[in-house]
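Engineer: return a 3D structure for these sequence lines:
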Amino acid sequence: MKEALERLTQVRALVVGDLMVDRYQWGEAERISPEAPVPVVRIRREETRLGGAANVVHNLAALGCRVGVCGLVGDDDAGRRLGADLAALGVDAAGVQAVPGRPTTVKVRVMAQNQQLLRCDWESADAIPAEAQTGLGDWLEGALGGYDGVILSDYGKGLLTPELCQRIIGACRAAGKPVVVDPKGRDYTRYRGATCLTPNELEASTVTGLTIRDEAGALQAAQRLQSELATDALCITRGAHGVLGLTTAGEHRFLPARAREVYDVTGAGDTFISLLGALLFAGRPFFECVELANLAAGIVVGKVGTATVTVSELLDFAGGVRKLYGADEIGALADRLRAEGKRIVFTNGCFDLLHAGHIGYLRASRDRGDLLIVGLNSDASVRRLKGPTRPVIGEEDRAHLLSALACVDYVVIFEQDTPLDLIRAVRPHVLTKGADYTVETVVGHDLLAEWGGEVALIPLQEGRSTSGLIDRIVANHQR
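Structural biologist: Have a look, this model is predicted:
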C-alpha cells in the first residue's frame, strides 16, 4: 500500500467536469422564527471550498498528484475566486474558460448543530454552446500528451455533453490513456468506451431499471452496464454496504464499507474517483485501486462537508490510526499537517468523566477546521487545578476515551497548568474554548493574534458539567 501511494507524486491527472464553489455558513439554531415555522440560524462564520469537479482536483492535489483541470466558470466573482483557489493549489487551470452570461455554479449550505438545514444553488444546467464544446475538445486533445489519464466528473451542469464525452473518450483511447468517469443522469451511452465508471447504487438502479436489494442485484446491474457500455471495468459504490468492483474478464469483488463514523457523505464520490483514477493512472492493479479508494471514502465521510484525504491519513487509517502523541512529538506532527494544507484546531481541558456536553463541544471545535488536536491535562495537572480528589478517571483512560471519538484526531497529554507550550508547538489556525471565557482570558490568545489565527468561543450545553455529575453521583449514593 505504501509503495502504491508513494507513486502518486509522479501521477499527472487531468480533470474535466463541472466546476463548483461550495459555501458553508456555520451557526447555531436556537429558536423558531416568529414569521414562519422555520429555525433561525445565527451565523458565526462562513467558509468557501472547492466543489464538484473542483473537489476532485482538490483531492488529487492533496494526494500529491500533479493536476490539470478543464471546465467552465462564469465571468463573475465566484469564478474568479475558484480560479484563485485552484492557483493556490498549484493546479494547471489553462483549460478553464470563463463564459460571460453563464453563472459559476455555487452551492450554499446552512449548517447548525452539525446538520445541514438548507442548501441554495446558483447554476445553469443548460448544455454548453457548440463553439465552447469545440474549444474545450481542441484544448484537451492538444494537452492530453502531458497527462497520464483523464477523470470525467459529471454533475449534470451541461458541460459533459454526449458529443464532448465521446470526443474525450475517443482521444484517450487513441492515445492509450485511461479515462475514468463519475457519471450523472439517465443517458450513460455518452460514456461508452470509458475505462471505468463509478455510479452509486441508486444511479445504477435508475439507469438499468433493475432494483438493487442485495449483492446479487448489484452484480446484475454492474454486468448489464459493463456489457452495454463496453467499459474495461466498473464500480458501484453502495454507501454503508461498501463497493462492488467488476472487470471485463468477469472477475468481481464486494468490499465492505470502511467508515468508522459517518458524519457527512458530501463529496465521498469525489474522493473515491480521485484515488481510483490516480492509482489506475499509476498502473496499479484494478482491485488494489478499488480497495484503496474505498478506504479513502471511509475516511472522508467522517468529516463535515466537501473534504480531502492525504496519504498520511490513508496509511494511519489502514494501520489503525495512531491518535495519542507525546508533547515532544506534537510539533513535528502539526508541521506536517500544516504543510499538507490542513486547517488545525486546538483545544484543551481535563475531560474528566466524559459526558455529552464534552462531545458537543469537541464536535463544534472540530467543525472549525480540518482536524482537531486536544491537549489533555495530566493527572498531576488536574489535581493542581481541581483539588486532591480529582481526576476521577486517570489520564491514560481519559486519553483513550477521547481517542475513540471520531471528532478528535489527535490527543496529547501535558503536565503544565496551562497549554501555552503546546500552543506554541502546534501553532493552530483556530484555538477553541468554552463561551464561559472571553477571548482575552483564553490562554494563548495573544499568540494566535501574532500569527493570524482565530480564537473561537464554543457555546456550552446548560446543566452539563463534570462537577455537577459528580455531585449527583454522590447525592444518589448517600440516599
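Engineer: for the rest of this, base every contact and every neighbour count on C-alpha atoms.
Structural biologist: Will do.
Engineer: helices along the stretch 351-479 of the chain, start to end?
Structural biologist: Using DSSP state H, counting those that start in this stretch, the helices of the stretch 351-479 of the chain run over residues 356-366, 379-386, 395-403, 420-426, 445-450, 466-478.
Engineer: quick one: buried residues of the second one?
Structural biologist: So that's helix 379-386. When neighbours are counted by 16 or more other C-alpha atoms under 10 Å, the buried residues of helix 379-386 are found to be 379-382.
Engineer: which residues does that helix contact?
Structural biologist: With contact meaning C-alpha atoms under 8 Å, 6 or more residues apart in numbering, helix 379-386 is reached by 350, 389-391, 394-395, 414-417.
Engineer: name the nearest residue to the residue nearest to the spatial centre of the chain, sequence neighbours excluded.
Structural biologist: Centrality entry for the chain: nearest residue to the mean C-alpha point is A307, 1.9 Å, by C-alpha atoms, centre = their mean. Take A307 and drop its neighbours on the chain: the residue closest to it by C-alpha to C-alpha, 6 or more residues apart in numbering is V300, 6.3 Å away.
Engineer: pretty sure that neighbour is touching E313, no?
Structural biologist: No. With contact defined as C-alpha atoms under 8 Å, V300 does not reach E313; the gap is 10.0 Å.
Engineer: looking at the two, which is more packed in?
Structural biologist: Taking V300 and E313 together and counting by other C-alpha atoms under 10 Å, V300 has the greater number of neighbours (27 against 16).
Engineer: quickly note the distance from the more buried one to R363.
Structural biologist: In this structure, V300 lies at 16 Å from R363, with C-alpha to C-alpha, to the nearest Å as the measure.
Engineer: same thing with G145?
Structural biologist: Counting by C-alpha to C-alpha - G145 and R363 are separated by 46 Å.
Engineer: pick out whichever of the two has more residues nearby.
Structural biologist: The neighbour count for G145 versus R363, taken as other C-alpha under 10 Å, is higher for R363 (17 against 12).
Engineer: what distance do you get for the nearest residue to that one once chain neighbours are set aside to R109?
Structural biologist: If you skip the residues right next to it in sequence, R363 has C407 as its closest partner in space, 5.5 Å away by C-alpha to C-alpha, 6+ apart. Using C-alpha to C-alpha, one obtains 20 Å as the distance from C407 to R109.
Engineer: coming back round to it: out of the helices of the stretch 351-479 of the chain, deepest packed?
Structural biologist: Comparing these by mean neighbour count (mean count of other C-alpha atoms under 10 Å), helix 356-366 comes out on top with a mean of 20.
Engineer: need the residues that contact that one.
Structural biologist: Where contact means C-alpha under 8 Å, 6+ apart, the residues beyond helix 356-366 that reach it are 113-114, 345-347, 351, 372, 407-408, 432, 434, 458-461, 464-465.
Engineer: any idea of the angle it forms with helix 395-403?
Structural biologist: Per axes from the mean of the first three to the mean of the last three C-alpha atoms, to 10 degrees, the angle that helix 356-366 makes with helix 395-403 is 60 degrees.
Engineer: which of the contacts of helix 379-386 lies closest to C172?
Structural biologist: Closest approach to C172 among those (C-alpha to C-alpha): F414, at 55.1 Å.
Engineer: check the secondary structure at the residue lying closest to A87 once chain neighbours are set aside for me.
Structural biologist: Computed as C-alpha to C-alpha, 6+ apart, the closest residue to A87 that is not its neighbour in sequence is A93, at 7.3 Å. When the structure is split into helix, strand and coil by DSSP: H, G, I helix; E, B strand; the rest coil, A93 lands in strand.
Engineer: do the one 5 residues further on as well
Structural biologist: Recorded secondary structure, A98: strand (three-state DSSP).
Engineer: low pLDDT regions in the stretch 351-479 of the chain?
Structural biologist: Within the stretch 351-479 of the chain, the stretches with pLDDT under 70 are 463-479.
Engineer: same deal with the chain?
Structural biologist: Along the chain, segments meeting pLDDT under 70 span 259-264, 304-305, 318-321, 463-479.
Engineer: again, only this time at 80
Structural biologist: Counting by pLDDT under 80, the chain contains low-confidence residues at 1-2, 113-114, 258-267, 302-307, 312, 315-322, 340, 461-479.
Engineer: what residues sit buried inside stretch 130-149?
Structural biologist: For stretch 130-149, burial by neighbour count (16+ other C-alpha under 10 Å) applies to 132-133, 136-137, 140, 144, 147-149.
Engineer: pull the most distant pair out of those residues.
Structural biologist: A132 and D148 (24.4 Å).
Engineer: looking at C407 and R109, which is more packed in?
Structural biologist: Set C407 next to R109 and count neighbours by other C-alpha under 10 Å: C407 wins out with 24 against 21.
Engineer: hang on, that one packs against L372?
Structural biologist: Yes. In terms of C-alpha under 8 Å, C407 counts as a neighbour of L372; the distance is 7.1 Å.
Engineer: returning to that earlier point: mind giving me the PyMOL select for the contacts of helix 356-366, buried ones only?
Structural biologist: To isolate the buried ones among these in PyMOL, judged by 16+ other C-alpha under 10 Å, type:
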select buried, resi 113+114+345+346+347+351+372+407+408+432+434+458+460+465
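Engineer: re earlier: among the helices of the stretch 351-479 of the chain, which is nearest R49?
Structural biologist: Taking C-alpha to C-alpha as the criterion, R49 comes closest to helix 356-366 out of the helices of the stretch 351-479 of the chain, the separation being 16.4 Å.
Engineer: mind exporting the C-alpha coordinates of the closest one to CSV?
Structural biologist: As requested, the backbone C-alpha atoms of helix 356-366 are provided in CSV (Å, rounded to 0.1, in the frame of the first residue of the first chain):
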residue,chain,number,x,y,z
ALA,A,356,-22.5,14.7,26.2
GLY,A,357,-21.5,18.3,26.9
HIS,A,358,-17.9,17.5,26.2
ILE,A,359,-18.8,15.7,23.0
GLY,A,360,-20.9,18.5,21.7
TYR,A,361,-18.1,20.9,22.5
LEU,A,362,-15.5,18.8,20.7
ARG,A,363,-17.6,18.3,17.7
ALA,A,364,-18.2,22.1,17.4
SER,A,365,-14.5,22.6,17.8
ARG,A,366,-13.7,20.1,15.0
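Engineer: now that helix: how far from the chain's centre is it?
Structural biologist: Centre-to-centre, helix 356-366 and its host chain are 19 Å apart (C-alpha atoms, centre = their mean, to the nearest Å).
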